[in-house]
Each structure stands twice: as C-alpha cells, then as structure tokens.
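> Predicted model and sequence follow; I will ask about them next.
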Amino acid sequence: MRRCGLLLQRLNSVVRIAAIILEDADIEEAARVIVFSRFVAMSCNNIKRVFAVRGAFNKLSWEIERLIPGLEPHEPSEKFSERDVERCNDFLSECREHSGVALQVSVFYGTQFTNVLKPAVVTIRNPEETGRLKILHEETFVPILPIVRCESIEEAVKRANDSEFGLGASIFTKDKKKFEILAQMLECGGVYHNDAMTEFAIPGVPFGGWKNSGSGYTHGPEGLLEFVRLKTVITEAWKPPKFLDKLHLFPWTETKMKWLKRFLKSIIRLS
C-alpha cells in the first residue's frame, strides 16, 4: 500500500489537463463539464486550461460565467493553505497586469481571498499580447480557470502541447473522426471525448501521464506491473550439432561478418 501511495503522489505532483473546444461542440454541455471539472474540489485530473476555437470562445466564456454562481456553496469551498492563497494571488496579480481588451479577470463569490478561495475565470482574447503567463504553464491547484481564444484548431493543439506536463486532455466536438485525429496529436497520457475526470473511475484503464506529469501508471495491467519486479531468463532450447559450430556468431571473425552482411542485404532486397 505504501508503494501505491508513493506512486499516486508522483502522478499527482505536477500535472496539467487541457480542454480544447471546437466550434461545432455542444457549448452548454462543454461548459457544464468544465465547471464541474475545474471548481468542484481540486484534483490532479481537473481541467486547468481551456482553448476555445474562434466562435466557441465567447459562447463558452459566457456560459461558464453563468454557471459558476449556481454552484452549491460547499462545492468550491475546499480549504486551502496560506501558500495556496499566495500562489492564487500571484497568478491573478500577473493576469491583472495585462487586464484590458486582450485579457479579463472575473472573480466570483466576492473579491476577498481567505482560506476558502473563490472561483476565478481569466478570459484571454489575444494570447499574443499577454506573453507567457504563468497560469498557462505552471500547475494550478487553485480554483482559477484560464480560457484562451485560438484562431484555429492547430493553434489550440499547439498551445495545449506547450507545457512540460501532460497528464490528460479533453476535446469537445460532435465530429468523432476529428476527435480521433486530434487525440493522436496531443502529448498526454489520456484524451477524453466530450468528457473529463472519468478515466480514474475505470479500474481497467491505465492512468498516468507523459513528460513531467509524474511517473508510472495506476489501474489496468500497466498499473499492476508497477508492483512487479521483472526478470528475464533465457534457456537453451536446442544445441546445434558439432559440424555447425562454424555458423555460431561468436567468436566474431572477418569472414563471418562478411557473410552476415551479405545475408542481411539479401533479406532487405527480398523485402
């Protein structure tokens, strides 16, 4: 059990979950999933960055900000340490420095931060003007959600991959084939279609990340292998007759290497 705890700690230590919203997505459904995944308690597989393509940006931003006040009071009220509060304020202070047409900050349930942090949404209309914001590239185990407007699907994928972390990602679109193509382009351990946070509830599915998002897997056969020490044992299946000793590769000789190269070249030609 201690090994399992350490494994989960490594998995949860540094993670990033991105969501990409295409213009053909069900925006209301996407907003519901994102609000739940971001603000109902802090978890390693919360959605922490949102990249909305063109027309989806305004609709999604409005819908998310409409839904947040409807959260039950207990839902965003997870207790945070003083360090969390400082980190949250640090993120928001940097965002407020760029506040204007390109970026807007919205804080809900009041503006005073206590040990119960209030949900905040940062809408970034022109990311080129705001520079490399920490909120988009560092881990945020605090209730802040950045929503970035992207001019194209390619830009959304590029920005989602622009991170040293890669636990998972969500793609919201009605086009299943497009989802499958984009899923292969994302650099992360799991990709979810019109959904989020469900993979950890499926014991048969391996859960883990790429890049610096922890190490190893939990759940599934891959998770079980984390508790296994592997050993390879090779036994001799057949001992060739004495007259075939010259065919042994060891010891290496110039003649053997010459014939081996000829053999490999002939195999290549036939293939």
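The structure has been received and is ready for your questions.
> what bits of the stretch 1-150 of the chain have low per-residue confidence?
Applying pLDDT under 70 to the stretch 1-150 of the chain flags residues 1-16, 72-78, 109-116.
> one more time with 80
1-16, 40-45, 71-81, 108-117 (pLDDT under 80).
> which stretches of it form strands?
Taking DSSP state E, counting those that start in this stretch, the strands of the stretch 1-150 of the chain run over residues 17-21, 49-53, 103-107, 120-124, 144-150.
> right, so of those strands, which gets closest to residue 43?
strand 17-21 (9.2 Å; CB to CB). (Glycine included, C-beta is placed from N, CA and C.)
> in its sheet, what does that closest one sit against?
The pairing partners recorded for strand 17-21 under DSSP bridges are strand 49-53 (parallel), strand 168-172 (parallel).
> can you list the residues that contact the first one?
This means strand 49-53. Contact with strand 49-53 is made by 16-23, 34, 60-61, 136, 145-153, 155-156, 159-160, as judged by CB atoms under 8 Å, 6 or more residues apart in numbering.
> show me the residues around the residue nearest to residue 204 when sequence neighbours are not counted that make contact.
Using CB to CB, 6 or more residues apart in numbering and skipping residues adjacent in sequence, the residue nearest residue 204 is residue 220, 5.7 Å away. Contacts for residue 220 (CB under 8 Å, 6+ apart) come out as 203-207.
> Kindly report the same for residue 191.
Counted by CB under 8 Å, 6+ apart, residue 191 has contacts 168-171, 182-183.
> TSV please, covering the residues you listed and showing pLDDT and neighbour count.
Shown next, in TSV, are the contacts of residue 191 (pLDDT from 0 to 100; neighbours: other CB atoms under 10 Å):
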residue	pLDDT	neighbour count
168	85	27
169	90	27
170	94	27
171	96	29
182	96	22
183	94	15
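> And these, which two are furthest apart?
Among these, 168 and 182 lie farthest apart (CB to CB), at 13.5 Å.
> Residue 54: neighbour count?
15 (other CB atoms under 10 Å).
> And the nearest residue to it once chain neighbours are set aside, how close does it get to residue 60?
Among residues not flanking residue 54 along the chain, residue 23 sits closest, at 5.9 Å (CB to CB, 6+ apart). Using CB to CB, to the nearest Å, residue 23 is found at 10 Å from residue 60.
> The two: which is more packed in?
residue 60 (25 against 14).
> separation between the closest residue to the more buried one other than its chain neighbours and residue 254?
Distances taken as CB to CB, 6+ apart place residue 52 nearest to residue 60, at 5.0 Å, with adjacent residues excluded. Separation of residue 52 from residue 254 (CB to CB): 65 Å.
> And residue 93, by the same measure?
The value you get for residue 93 to residue 254, if CB to CB is used, is 71 Å.
> The two: which has the busier surroundings?
residue 93 (10 against 6).
> and the gap between the more buried one and residue 103?
For residue 93 relative to residue 103 (CB to CB), the value is 13 Å.
> what touches both of these two?
By CB under 8 Å, 6+ apart, no residue touches both residue 93 and residue 103.
> Can you give me the neighbour number for the closest residue to residue 71 other than its chain neighbours?
If you skip the residues right next to it in sequence, residue 71 has residue 39 as its closest partner in space, 6.3 Å away by CB to CB, 6+ apart. Close neighbours of residue 39, defined as other CB under 10 Å, add up to 25.
> Would you mind measuring from residue 39 to residue 119?
5 Å.
> what do the two both touch?
Shared contacts of residue 39 and residue 119 (CB under 8 Å, 6+ apart): 68, 71, 76, 143, 145.
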